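>>> how would this look folded up:
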Amino acid sequence: MNTSQTDTTFTKEDGAILEEVMNIAFGKASSELATVVDLRILLNAPKVEFLQADDLLRWIKQDTADNDTLNMIEQNFWGKYTGSAFLAFPTSASKGLVSLFEDDDLPPMDEENPLLVKENLLEIGNILIGACVSKVAELLDDEVTFSPPRLIPRMVVDNLANEARLDPDKVAILIKTVFHIQDKDIKGFLFLVAGEESMAWLKTALQNFMAKF
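Numbers count the residues shown, from 1 in each chain. Next up is the predicted model:
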């Protein structure tokens, strides 16, 4: 599709299969997050794009205000599919997510409580990335382990590639969804970046997944 390597070229069918797998995984992730914040959370069916890592900036800027910044959680994982997961939210959306953890008996978690903000963003990222990637691995007969999540706060969109240490030669999977949390619509981006070997495995695993049905 958007890669230059023939053995990792993804077809529309591959993309459709991965969207279905991600849809199942996001269902699990939203359910787990809902148990933490005691709220009903729905996720739009994810849209999946395969692209080179250095094209991520262009795609994300299409849906991000020019004057906005991103809060991004990075987490590495290892398995047959090995790579890095990045969960990015515009700063305005991040504040909405963090507010879900507020306690009525404590001060609001604003800029005067940076540690609490960081801890809760990391918790959200850990739940969403862990649930999504683990479920995808399970569906594709893989098993993954994770590093602790890392927060890259208030990142200017134009600095995405440098701050995330993206290798432009690697292939990225961009997954875009909108979180519906009661009366809040929160747009977030999840993208997985991996090398050629892992992407070749993923292509085969997706075909094997469909062969079961």
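>>> partners of the residue nearest the centre of the chain in the sheet?
The chain has L190 as the residue nearest its centroid, 2.1 Å off, counting by CA atoms, centre = their mean. Beta bridges link L190 to L87, I175, judged by DSSP bridges.
>>> okay, it: pLDDT?
pLDDT recorded at L190 is 83.
>>> Quick check: the gap between it and F209.
The spacing between L190 and F209, counted by CB to CB, to the nearest Å, is 19 Å. Just so you know, the C-beta spots here come from the backbone N, C-alpha and C atoms, and that holds for glycine as well.
>>> Ok, P46 next?
Using CB to CB, we find P46 at a distance of 16 Å from F209.
>>> Please apply the same query to A53.
The spacing between A53 and F209, counted by CB to CB, is 24 Å.
>>> Which residue of those two possesses the greater neighbour count?
For A53 and F209, the more surrounded residue by other CB atoms under 10 Å is A53, and the numbers stand at 21 against 16.
>>> correct me, but the more buried one touches A172?
Yes: in this structure, A53 sits in contact with A172. The criterion is CB atoms under 8 Å, and the distance is 4.6 Å.
>>> helices and strands of this protein: which one has the lowest mean pLDDT?
Counting by mean pLDDT, DSSP states H and E, the chain has its least confident helix or strand at helix 160-163, which shows a mean of 57.
>>> where exactly do the strands run in the chain?
Taking DSSP state E as the criterion, the chain contains strands spanning 41-43, 47-52, 69-78, 83-90, 145-146, 150-156, 171-181, 184-194.
>>> Now do the fifth one: which elements does it pack against?
With contacts defined as 3 or more CB pairs under 8 Å, 6 or more residues apart in numbering; DSSP states H and E, the packing partners of strand 145-146 are strand 69-78, helix 114-139.
>>> so what's L192 up against?
Counting by CB atoms under 8 Å, 6 or more residues apart in numbering, L192 touches 83-86, 133, 172-173, 175.
>>> Number of residues surrounding A200?
By other CB under 10 Å, the residues close to A200 number 15.
>>> should've said K12
Using other CB under 10 Å: K12 sits among 8 other residues.
>>> Contact partners for K170?
Per CB under 8 Å, 6+ apart, neighbours of K170: 52-53, 83, 193-196.
>>> which among the residues you listed gets closest to F146?
F146 lies nearest to G83 out of those, by CB to CB, at 11.4 Å.
>>> and the gap between the nearest residue to the closest one once chain neighbours are set aside and N44?
What sits nearest to G83 in space, not counting adjacent residues and going by CB to CB, 6 or more residues apart in numbering, is A194, at 3.2 Å. Remark: distance between A194 and N44 (CB to CB) = 24 Å.
>>> Next: L190.
Distance of L190 to N44, computed by CB to CB: 12 Å.
>>> can you list residues touching both of these two?
When contacts are counted by CB under 8 Å, 6+ apart, the set common to L190 and N44 consists of T177.
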